[in-house]
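1. Below are the sequence and a predicted model for it; my questions follow.
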Amino acid sequence: MSSVAFASDTDISHRRGLFYVFSAGVLWSTVGLGIRLIEEASVWQILLYRSIALSVFLYVVIRLRSGISPFAQARRAGLPSVVAGLALVAAYLGGIYSIQVIPVANALLLFATAPFMTAILGWIVLRERVRSATWIAIAVAIGAIGIMVSGQTAAAAADGTLAALGSAFGFSVFTVALRWGKSGEMLPAVFLSGLFAIVITSAVCLLLGLSFVLSPNDGGIALGMGVFQVGAGLVLYTLGSRTLPAAELTLLSLAEVMLGPFWVWLFLGEEASARTLIGGSLLLAAIAGNALSGARRKPPPVSRV
């Protein structure tokens, strides 16, 4: 009887985890639509407002979950948490800028290369072994990216592609930094990233003469993204990741990549090119194949733009 009850509790926990992680992917997928709906604000202004909302939201969540100040948790994590936080700021900037200048589908697909960059960076920095299947998936991903960016001639498109890849690299540095510090908790480092972003973007706005006051539309969207798109998505992913295996986490998180282009097509009429569809299909196949081939491995911490 007790074994039946245990199995039932496990099944309920698994279903709850599926719901949490899929919901996180849905929230993350709105980043492209949110940034597209912003009318005038620059990347620095958007990130400033979003980081203010994110920092306040995470402070409350971390305090309620642990009863400990997130500042104290970040201090305890030490230098790796600082490196992870700064890496996320770079990832945020690259992510927002790339979505402003290249199609949302291209940007989100390029963000999705982060796990492969993490594997290479972990191999270089932490001497972590990279499986043969992952090397094959990396080669396929490189080919897929080549297809997606082929034919780009505009300087803005090239800059946006590099910014998106830079954003993926920032997420990779974030993940490796947490592994370096042997931290299984990512929220304090994300909280730090919000504080760093507030300081950096405020300084840049002052230097460039950018206004700290945004229109109700731009300010409202940026603040909402900080709470719902980034903050709530991370909390749901953190809760769900405790009960799901690595393969399911990776595959469910692909909801972000699949739904992001759908939202901008549905609401704004933005369509993906044939090259993006072909290259994107190859990239998603590489990600899914790598996840399924390493289904027993514990997933790394994840964050999003």
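-> Structure received. These numbers come from a predicted model, not from an experiment.
2. C-alpha only now, for contacts and for neighbours.
-> Fine.
3. Check the gap between Val130 and Asn290 for me.
-> Separation of Val130 from Asn290 (C-alpha to C-alpha, to the nearest Å): 11 Å.
4. Between the two ends of stretch 242-256, how far is it?
-> End-to-end distance for stretch 242-256: 20 Å, by C-alpha to C-alpha.
5. which outside residues touch it?
-> Contacts of stretch 242-256 with the rest of the structure, by C-alpha atoms under 8 Å, 6 or more residues apart in numbering, involve 13-14, 17-18, 21-22, 24-30, 108, 241, 287-288, 291-292, 294-299.
6. what element comes up after the element among helices and strands of the chain having the smallest mean pLDDT heading to the C-terminus?
-> Least confident helix or strand, the chain: helix 246-253 with a mean of 74, by mean pLDDT, DSSP states H and E. Where DSSP states H and E defines the elements, the next helix or strand beyond helix 246-253 is helix 255-268.
7. next SSE after that following helix?
-> helix 274-293.
8. Report the buried residues of that next one.
-> Judged by neighbour count (16 or more other C-alpha atoms under 10 Å), helix 274-293 contains these buried residues: 275-277, 279-280, 282-292.
9. what do you get for stretch 72-81?
-> With burial defined by 16+ other C-alpha under 10 Å, the residues of stretch 72-81 counted as buried are 73-74, 77, 80-81.
10. List just the nearest of those to Ile136.
-> Pro80 (29.9 Å; C-alpha to C-alpha).
11. how near is the closest one to Phe169?
-> Taking C-alpha to C-alpha, one finds Pro80 at 16 Å from Phe169.
12. got it, and Ala272?
-> For Ala272, the distance to Phe169 (C-alpha to C-alpha) stands at 24 Å.
13. Same question for Thr238.
-> Taken as C-alpha to C-alpha, the span from Thr238 to Phe169 is 21 Å.
14. So those two - more neighbours on which side?
-> Phe169 (25 against 21; other C-alpha atoms under 10 Å).
15. List the contacts of that one.
-> Neighbours of Phe169 in contact, by C-alpha under 8 Å, 6+ apart: 91, 114, 117-118.
16. got those as a markdown table, with secondary structure columns?
-> As requested, the contacts of Phe169 are arranged in a markdown table below (DSSP: H, G, I helix; E, B strand; the rest coil):
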| residue | secondary structure |
| --- | --- |
| Ala91 | helix |
| Ala114 | helix |
| Met117 | helix |
| Thr118 | helix |
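17. how about these in JSON lines, adding pLDDT?
-> Supplementary listing: those in JSON lines, determined by pLDDT from 0 to 100:
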{"residue": "Ala91", "pLDDT": "95"}
{"residue": "Ala114", "pLDDT": "90"}
{"residue": "Met117", "pLDDT": "93"}
{"residue": "Thr118", "pLDDT": "90"}
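18. For those residues, give me JSON lines that also has neighbour count and distance to Arg65.
-> Shown next, in JSON lines, are the contacts of Phe169 (neighbours: other C-alpha atoms under 10 Å; distance: C-alpha to C-alpha, whole Å):
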{"residue": "Ala91", "neighbour count": "27", "distance to Arg65": "26"}
{"residue": "Ala114", "neighbour count": "22", "distance to Arg65": "28"}
{"residue": "Met117", "neighbour count": "19", "distance to Arg65": "31"}
{"residue": "Thr118", "neighbour count": "21", "distance to Arg65": "28"}
